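J.: Please find the sequence and the predicted model below.
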Amino acid sequence: MTTAAAHPAHDPRDPCPEGIELYARALREGGVGVRDASVLPCLTRTGLLRTDPRDPDRLEPVPPALALHRMLRAATERAVDERRRGARLAEALAPLTRIDGPRTAVGEDPAIRVLSGTERINEAITEAMTGTVLELLCVQPNIHYSDSRGAAAQAVAMDRDQALLDRGGRIRTLYQHTQRQMPLVLARYEQLRGDAEARSLDEVTDRLIVVDRDVAFIPAGADGTQALEVRHPALVAFLAATFDRLWWQATPLYPQTVHRPSLNGVTPRQRAIAGLLIEGHTDAVIADRLGMNIRTARVHIAKLAATLGSESRAQLGYLIGRSGILDRGA
């Protein structure tokens, strides 16, 4: 009873330190009693422990690699759902902010402010980062800086980021996996001096900037010329929490680079494509979701089909499901 009362409340989808300790014990001993785990329901809810088929009074541990794969996939699916929801909201409501009516204007210091024009957006971000800012969280989707306007924006961002690092702050940035080898991304971290880290995922949200968990900036349109400055505490906390969840399931890129392993001859990129294929997405949608051009996506699909021995698109979906590379089983 004392342990139960001392156990802190937390998101049941995340194991707590006490749960991890008991899970480690189960791995060492081959299992634990149901009573021992009763005060730590997060262990069964997250799938780290399951009923021992030989003894209903004991729980056996799920192999860590298998449990991690399942948990990261579930977190990715939740993040993708939030991304789609955000895109629907922006598409539905952003055009309405341009209506000139008695109920559309906002007062001084609004919780959500519409910023129009790339120059104004950059000015607002720079203003938010001025002063005693200690943390910057960024999500950078597959953005290219091929034109002069993009290069100029990148130079401005480098200056303000370095100023934050010089004050002792830290920067954490999420990219898509397709950007891991981009010269501009690598050059950015070779130039920055200070506590800057980067990780990558197959899919990320649209662009997101969170400054000191006090103010956030998100797109308000597809062309990048409008943004929302968000200062509502609950919304900013939600966006920061979404970033944190993505961050902990992402693959380190800088300062230490980690390469994801292949599984049964299927690369991590091909596994991401396989997941979208069995959802019924077209080549164009898959390419857009994973930040690659359609030709590259088709090359990966062809290699995946060859690895699994598929002779048709329909058969490929069946073989993906049978192969277990996505671990969709119970």
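T.: Yep, it's here.

J.: So for this structure, which residue is the most central one in space?
T.: residue 246 (3.0 Å; C-alpha atoms, centre = their mean).

J.: what about that one, which helix or strand?
T.: According to DSSP states H and E, residue 246 maps onto helix 233-249.

J.: Excluding chain neighbours, give the residue nearest to residue 292 in space.
T.: Using C-beta to C-beta, 6 or more residues apart in numbering and skipping the chain neighbours, the partner closest in space to residue 292 is residue 178 (5.2 Å). Using the backbone N, CA and C atoms, a C-beta is placed for each residue, glycine as well.

J.: Look at the one you found and tell me its secondary structure.
T.: Secondary structure for residue 178, judged by DSSP: H, G, I helix; E, B strand; the rest coil, is helix.

J.: tally of neighbours for it?
T.: Residues lying near residue 178 (other C-beta atoms under 10 Å) number 18.

J.: Check the offset of the helix holding residue 246 from the chain's centre.
T.: Computed by C-alpha atoms, centre = their mean, to the nearest Å, the chain-centroid distance of helix 233-249 equals 9 Å.

J.: can you pull the buried residues of that helix?
T.: By neighbour count with 16 or more other C-beta atoms under 10 Å, helix 233-249 contains the buried residues 236, 239, 240, 242, 243, 245, 246, 247, 249.

J.: Between which two of the residues you listed is the distance greatest?
T.: 236 and 249 (21.3 Å; C-beta to C-beta).

J.: If you compare the directions of the helix of greatest length in the chain and helix 233-249, what angle comes out?
T.: For the chain, the helix that runs over the most residues, judged by DSSP state H, is helix 64-93. Calculated by axes from the mean of the first three to the mean of the last three C-alpha atoms, to 10 degrees, helix 64-93 forms an angle of 140 degrees with helix 233-249.

J.: helices and strands around the following helix or strand past helix 64-93, which ones?
T.: Next helix or strand after helix 64-93 toward the C-terminus (DSSP H and E): strand 112-116. Strand 112-116 is packed against strand 226-230, with contacts defined by 3 or more C-beta pairs under 8 Å, 6 or more residues apart in numbering; DSSP states H and E.

J.: Residue 171 versus the closest residue to residue 188 other than its chain neighbours, what's the distance?
T.: Closest residue to residue 188 apart from its sequence neighbours, by C-beta to C-beta, 6+ apart: residue 158 at 7.0 Å. Going from residue 158 to residue 171 by C-beta to C-beta, to the nearest Å gives 11 Å.
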